[in-house]
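J.: here's my sequence, what's the structure:
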Amino acid sequence: MTCMQSRADLLLRLIENPTIQEHEHFTELLRAIFHLRDELSHRNNLSELLDSDRKHLEGDISRVYKLLIFEWLRYLRYIKKNYGYLFSLAIRTNPFDPEATIAVKN
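T.: Numbering: from 1, shown residues only. This next block holds a predicted model:
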């Protein structure tokens, strides 16, 4: 079971939430994730894709990644302004920084 399949209920609850639907950018990210999940779930063997199919999936993955980065930056801006302690932790555990460390450095 993939990570996206195991989180399907959470994703459904998020996209059904009317409060979240008011946030157009986040809703677009959820739609892109659902589309990618559906595309991947309909393929039996990802190692035997046609070039055209692989390029299509690369486009879907790229779309999700770009939208995810955008939302991550919006989140960081918000917590930096309102919750410095959360910002500190987010920066130290940044999933986009392979050298990120939880350690607080002076």
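
J.: center of the chain, which residue is that?
T.: Nearest to the geometric centre of the chain sits residue 68, at 4.3 Å (C-alpha atoms, centre = their mean).

J.: check the gap between that one and residue 51 for me.
T.: 26 Å (C-beta to C-beta, to the nearest Å). Heads up, the C-betas are built off the backbone N, CA and C, glycines and all.

J.: and residue 104, how many neighbours?
T.: Residue 104 has 8 neighbours, counted by other C-beta atoms under 10 Å.

J.: quick one: distance of the top helix by length along the chain to the chain centre.
T.: Ranked by residue count, the top helix of the chain under DSSP state H comes out as helix 51-82. Relative to the chain's own centre, helix 51-82 is displaced by 6 Å; criterion: C-alpha atoms, centre = their mean, to the nearest Å.

J.: tell me the average confidence for that helix?
T.: Helix 51-82 shows a mean pLDDT of 95.

J.: could you list the buried residues of it?
T.: 60, 63, 64, 67, 71, 79 (16 or more other C-beta atoms under 10 Å).

J.: contacts only, for residue 72.
T.: By C-beta atoms under 8 Å, 6 or more residues apart in numbering, residue 72 lies in contact with 95, 96.

J.: what number of residues lie near residue 30?
T.: Count around residue 30 with other C-beta under 10 Å applied: 20.

J.: specify the angle between the helix or strand harbouring it and helix 51-82 in degrees.
T.: In the assignment (DSSP states H and E), residue 30 maps to helix 24-41. Helix 24-41 and helix 51-82 meet at an angle of 150 degrees, taking axes from the mean of the first three to the mean of the last three C-alpha atoms, to 10 degrees as the criterion.
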